[in-house]
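>>> Requesting a structural model of the entry that follows:
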Amino acid sequence: MAFIPYSGGPFHQAAQRLGPRAGFMMLAAVLFGATALIVPRGQAQWLLWLVGATLGLAALWVVMINRHAQGHRRDTSDQAALMLEADPVPSVLAEVEGRLLYVNAAARRTLDAERATTLTSALRQILANPGAILFRMETRALAKGAAVEDLVTRAGHVRISVHRSGESHFLWRIERSADHAPRESEAHPLPMLTVGRNDAVLYMNSAARDLVGERARALSRICGNLPLKSGQINDIATPDGPVPCLVVEREGMAGRREVFLLPGVQGPERPPDGWAFFDELPVPLLKLAADGAIQLSNRPAREVLGVESVAGLALSDMLEGLGRSITDWLSDVATGRGTVHSEFLRVRRDDREMFVQVTLNRAMDAGAVVLIAVLTDATALKSLEAQFVQSQKMQAIGQLAGGIAHDFNNLLTAISGHCDLLLLRHDQGDPDYSDLMQVNQNANRAAALVSQLLAYSRKQTLRPQVIDLRDTLSDLTHLLNRLVGEKVSLSLSHDPTLSPIRADKRQLEQVLMNLVVNSRDAMPMGGEIRIVTQNLVLTEPMMRDRAVVLPGSYVSVRVSDAGVGIAPDKLQKVFEPFFTTKRTGEGTGLGLSTAYGIVKQTGGFIFVDRKQGEGTCFQLLFPAHVGAEKVVMQSSLPLASESQGSGVVLLVEDEAPVRAFASRALQLRGFTVMEAESAEDALEILEDATLHVDVFVTDVVMPGIDGPGWVRRALTSRPKARVVFMSGYAEETFGDTQARIPNSVFLPKPFSLNELTEIVLRQMI
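All right, here's what the predicted structure looks like:
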């Protein structure tokens with residue numbers, strides 16, 4: 001809801017502050033006027049008249065502004081009354097700093113708001129220090145529009161919410177949750193207290209009140225031994241005298257703690273009455289001997305461990321993952337060595353992967369040292385940690401790949417480009433021809449390696465189009481059959497109504513080839529690789545491998561083999577870069593990581609299923625493409641090697657070797673080339689109005705003005721010029737900028753002589 005606020009500018013605020021003094025100002029104006037009548041004429045009389053008139057006008061201005069503001073407040077209060085008077089929740093409309101403007105009936109009944117002038121004074125009966133809370137919430141509401149806080153008071157839980165209404169009004173709602181439903185802890189059989197930051201008792205359930213006998217305000221009145229430690233035994237003050245209790249704590253919200261008191265447990269000098277209460281605790285607990293043998297467990301702990309009984313078992317039989325021996329860790333805690341008594345461990349369960357945080361506390365039982373282990377489910381935390389580590393790894397590799405891509409691709413462009421120029425002057429019979437081909441092929445291999453790193457980090461350039469997977473696989477079958485060899489057979493099965501997808505066809509073919517090659521290598525003695533495509537409709541979210549696939553229509557591609565499978569401990573690493581199970585020299589470890597990056601950048605998912613000794617199945621999920629996409633037909637153009645061009649090209653490149661290669665390549669194809677080593681030089685060349693330029697060929701990232709920057713300036717005077725952007729970075733890093741530049745195309749580095757001249761020829765058309 002929103003109300004029209006009274007504008008609180010500096011003049012209006014000044015008028016509000018001067019309102020109580022308006023009468024004094026008017027009286028002063030009259031006195032100055034009377035004095036002016038008495039004094040002789042002259043400069044002093046005029047000065048008195050001026051001061052009196054100024055004070056009088058100021059007093060009238062203050063009165064008029066305040067009357068207008070009061071009328072506006074009444075209107076706002078009337079609007080609020082129409083909307084909030086019947087609201088059962090106490091609601092208050094206040095100005096900045098809590099000045100009350102309107103209070104509904106529920107607030108008048110439950111708060112001391114009838115006589116209060118500010119919200120702070122109205123809430124003093126339910127909050128000990130409302131001023132700090134209200135200031136904090138009002139500050140957040142000014143910044144974000146609203147704020148909500150749940151508070152624990154001696155009268156129960158209170159939820160206070162504030163919504164900003166205009167520029168100077170706030171709507172406050174005070175809900176007391178204790179009025180709606182009884183506390184769940186009231187029915188708990190164990191004495192429980194909610195304790196604040198300063199050990200103030202905020203709440204006691206009925207069992208705790210029965211034990212202590214009265215409502216205590218401070219924990220020190222109940223437990224003399226402070227600070228408390230979970231697992232220690234304290235003498236609790238009761239009407240019948242001190243009662244030994246085992247203390248179990250767990251963290252609550254906003255710095256609060258929940259303290260469970262377990263009566264009947266004796267100290268080391270007194271024999272225990274038994275541990276029958278242990279199974280009633282809501283916290284997963286284990287009682288351990290100093291050597292790690294499990295003596296007692298409660299029901300929540302057995303549920304976490306996935307067993308019905310722990311008889312005869314040790315903690316090391318149920319948990320794993322500590323870098324050193326669990327027995328040594330327990331021994332250190334039992335003897336008081338070391339300070340770290342909390343560890344994250346993996347539960348030995350076959351049904352699912354689960355992690356727990358184990359916190360150990362030392363206690364005495366019948367004169368012997370025992371350990372109380374508190375188990376906290378940390379599966380979600382470890383999953384989040386694994387996702388964070390994976391994202392950090394992705395980011396690090398992405399930064400590495402992006403950092404080397406620009407400089408490395410410039411070097412590769414110069415190497416492969418000048419190699420192309422040399423090959424133009426050497427035929428196959430030349431003795432240097434084979435050496436040049438080796439240089440060219442290895443430059444291409446280096447470029448492919450950078451491309452794979454960019455694919456994994458999802459920074460490569462994709463050119464998506466609507467494709468039919470059946471046609472793509474049909475075109476790819478011949479190449480795949482050559483890849484798998486004679487011992488391995490390849491079979492394809494398609495859904496006859498398979499939906500199209502939108503992806504980069506060349507990159508998708510790379511993914512399929514990588515998966516097929518991995519399946520082939522998993523079957524050294526031969527076998528069958530099956531590729532199955534089908535439509536998949538999800539009506540509810542599907543969760544797999546920490547990924548969530550939203551409902552919708554998808555196209556599924558399964559690539560399965562009958563090989564040796566993947567070991568469970570290596571399954572989580574198969575998509576990591578440079579991880580491979582092959583021997584040195586047989587693989588780079590980038591095949592599956594490249595497939596992972598391409599699929600994720602396309603908007604799809606990739607999952608792996610394995611059965612040790614029974615083979616592996618990779619499943620790809622791509623969103624089904626809905627609707628038709630217009631396909632732009634390009635006129636056929638002969639290969640650049642067969643065509644000669646004509647026209648003027650302005651080549652702007654800060655790397656001298658790349659500029660030299662590109663200039664010679666374009667000149668060999670008949671173009672007139674003007675070179676510039678910076679954007680500033682290019683703009684200086686274009687100052688000659690008589691100079692005609694057909695195509696700008698420019699690098700994107702350069703010192704000073706970048707490529708898109710100088711091109712936009714040049715196009716203001718030469719709007720018909722075409723543009724070719726070159727870069728070692730992915731197109732997506734400046735794709736939005738390029739889209740706003742007309743008649744522009746992108747040429748990724750490294751490029752060959754033919755690729756450069758062909759794209760310039762196409763721009764000439």
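>>> Bridged to the residue lying closest to C617 once chain neighbours are set aside, which residues?
Spatial nearest neighbour of C617, chain neighbours left out: S560 (3.9 Å); criterion: CB to CB, 6 or more residues apart in numbering. For every residue, glycine as well, the C-beta is placed using N, CA and C. Using DSSP bridges, the bridge partners assigned to S560 are R530, C617.
>>> right, and S560 touches T616 too?
Yes - under the criterion of CB atoms under 8 Å, S560 makes contact with T616 at 7.0 Å.
>>> Can you check which residues contact both of the two?
Here S560 and T616 have S519 as joint contacts, going by CB atoms under 8 Å, 6 or more residues apart in numbering.
>>> more neighbours, those two?
Higher neighbour count among S560 and T616: T616, with 23 against 18, using other CB atoms under 10 Å.
>>> which residues touch the more buried one?
T616 sits next to S519, A522, S560, D561, G563, G565, I566, V608, D609, R610 when contact means CB under 8 Å, 6+ apart.
>>> 6 Å instead, please
Contact analysis of T616 by CB atoms under 6 Å, 6 or more residues apart in numbering lists D561, G565, I566, R610.
>>> Go through those residues and flag which are in strands.
Those of the contacts of T616 mapping onto strands are R610, per DSSP state E.
>>> Let's see if you can find the most crowded of the contacts of T616.
Tallying neighbours with other CB under 10 Å puts D561 at the head of the contacts of T616, with 24 neighbours.
>>> Give me the nearest residue to that one, chain neighbours excluded.
Take D561 and drop its neighbours on the chain: the residue closest to it by CB to CB, 6+ apart is S519, 3.7 Å away.
>>> One more: L296?
Nearest one to L296, counting by CB to CB, 6+ apart, is K287 at 3.8 Å.
>>> and the one you found, how far is that from R362?
Separation of K287 from R362 (CB to CB, to the nearest Å) stands at 12 Å.
>>> quick one, which of those two is more surrounded?
K287 (20 against 17).
>>> What average pLDDT does stretch 386-393 get?
The average pLDDT within stretch 386-393 is 69.
>>> ok, R482 - how many residues close by?
Neighbour tally, R482, other CB under 10 Å: 8.
>>> got it, and D432?
Here the number of neighbours of D432 (other CB under 10 Å) works out to 11.
>>> Just the pLDDT for T672.
pLDDT at T672 comes out at 90.
>>> Quick check on it: phi, psi?
Phi and psi for T672, reported as degrees, to the nearest 10, are phi -90, psi 120.
>>> partner residues bridging it?
Legend: beta-bridge partners of T672 under DSSP bridges are V648.
>>> same deal with V370?
Beta bridges link V370 to A289, A363, judged by DSSP bridges.
>>> Would you quantify the distance from it to A293?
For V370, the distance to A293 equals 10 Å [CB to CB].
>>> before we move on, what about L142?
L142 sits 59 Å away from A293, going by CB to CB.
>>> ok, now Q465?
From Q465 to A293 the distance is 65 Å (CB to CB).
>>> which residue ranges form the helices in the stretch 201-350 of the chain?
Ranges of helices within the stretch 201-350 of the chain are 206-212, 299-305, 315-318, 326-335, based on DSSP state H, counting those that start in this stretch.
>>> Same list (those helices) but as TSV, adding mean pLDDT, distance to N754 and mean neighbour count.
Formatted as TSV, these follow (pLDDT from 0 to 100; distance: least, CB to CB, whole Å; neighbours: other CB atoms under 10 Å):
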stretch	mean pLDDT	distance to N754	mean neighbour count
helix 206-212	75	84	18
helix 299-305	85	65	18
helix 315-318	85	66	21
helix 326-335	82	65	17
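>>> So, low pLDDT: which residues of the stretch 101-250 of the chain?
When residues are selected by pLDDT under 70, those of the stretch 101-250 of the chain lie in 112-115, 128, 152-156, 166-167, 177-190, 197, 214-218, 220-221, 224-233, 250.
>>> let's go with 80 and repeat that
Filtered on pLDDT under 80, the stretch 101-250 of the chain yields the residue ranges 101, 108-117, 121, 124-132, 143-145, 150-158, 165-169, 176-250.
>>> Kindly report the same for the stretch 301-450 of the chain.
By pLDDT under 80, the low-scoring segments of the stretch 301-450 of the chain are 321-325, 336-342, 350-353, 364-367, 379-409, 426-431, 444-450.
>>> Which parts of it are strands?
Ranges of strands within the stretch 301-450 of the chain are 319-320, 342-347, 355-365, 368-377, based on DSSP state E, counting those that start in this stretch.
>>> List the contacts of A660.
A660 neighbours (CB under 6 Å, 6+ apart): none.
>>> Show me how far the strand or helix carrying it is from its chain's centre.
Using DSSP states H and E, A660 falls within helix 656-668. Taking CA atoms, centre = their mean, to the nearest Å, the mean C-alpha location of helix 656-668 is offset from the chain mean by 45 Å.
>>> What residues of it count as buried?
Neighbour counts using 16 or more other CB atoms under 10 Å place V658, R659, A660, F661, A662, S663, R664, A665, L666 of helix 656-668 among the buried residues.
>>> Just confirm the second one contacts E653, I think it does.
Yes - taking CB atoms under 6 Å as the definition, R659 is a contact partner of E653 at 3.9 Å.
>>> ok, R712 to A676 distance?
From R712 to A676 the distance is 16 Å (CB to CB).
>>> Which one of these two is surrounded by more residues?
A676 (21 against 14).
>>> For the nearest residue to the more buried one once chain neighbours are set aside, pull up the helix or strand it's in.
Once flanking residues are discounted, A676 sits nearest to A682: 4.1 Å by CB to CB, 6+ apart. Using DSSP H and E, A682 sits within helix 679-685.
>>> Now do the same for the next helix or strand after that helix: mean pLDDT, whole number.
Using DSSP H and E, the next helix or strand after helix 679-685 towards the C-terminus is strand 695-699. Averaged over strand 695-699, pLDDT sits at 93.
>>> by contact count, what packs against strand 695-699?
The contact analysis (3 or more CB pairs under 6 Å, 6 or more residues apart in numbering; DSSP states H and E) places strand 695-699 against strand 648-652, helix 707-717, strand 722-727.
>>> Tell me which residue is most central in the protein.
For the chain, F388 is the residue whose C-alpha lies nearest the centre (CA atoms, centre = their mean; 9.3 Å).
>>> my guess is G647 meets D694, correct?
Yes - counting by CB under 6 Å, G647 touches D694, with 3.9 Å between them.
>>> Please name the residues that touch the residue nearest to L296.
Listed by CB under 6 Å, 6+ apart, the contact partners of K287 are Q295, L296, V370.
>>> Who are the packing partners of the helix or strand that contains W172?
Assessed by DSSP H and E, W172 sits inside strand 169-176. Contact here means 3+ CB pairs under 6 Å, 6+ apart; on that basis strand 169-176 packs against strand 91-95, strand 156-165.
>>> How much space separates the nearest residue in space to L691 that is not next to it in sequence from V648?
Nearest residue to L691 in three dimensions, chain neighbours excluded: I685, at 7.1 Å (CB to CB, 6+ apart). I685 sits 11 Å away from V648, going by CB to CB.
>>> would you put the C-alpha positions of stretch 417-432 in PDB?
Extracted in PDB, the C-alpha atoms of stretch 417-432 (Å, rounded to 0.1, in the frame of the first residue of the first chain):
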ATOM      1  CA  GLY A 417      49.900 -16.600 -41.700                       C
ATOM      2  CA  HIS A 418      53.500 -16.200 -42.700                       C
ATOM      3  CA  CYS A 419      53.600 -20.000 -43.200                       C
ATOM      4  CA  ASP A 420      50.700 -19.600 -45.700                       C
ATOM      5  CA  LEU A 421      52.600 -16.900 -47.500                       C
ATOM      6  CA  LEU A 422      55.600 -19.200 -47.800                       C
ATOM      7  CA  LEU A 423      53.400 -22.100 -49.000                       C
ATOM      8  CA  LEU A 424      52.200 -19.900 -51.900                       C
ATOM      9  CA  ARG A 425      55.800 -19.900 -53.200                       C
ATOM     10  CA  HIS A 426      56.500 -23.600 -52.700                       C
ATOM     11  CA  ASP A 427      54.800 -26.500 -54.400                       C
ATOM     12  CA  GLN A 428      54.700 -30.100 -53.200                       C
ATOM     13  CA  GLY A 429      57.900 -31.000 -55.000                       C
ATOM     14  CA  ASP A 430      59.900 -28.400 -53.100                       C
ATOM     15  CA  PRO A 431      62.200 -29.900 -50.400                       C
ATOM     16  CA  ASP A 432      61.000 -27.200 -47.900                       C
END
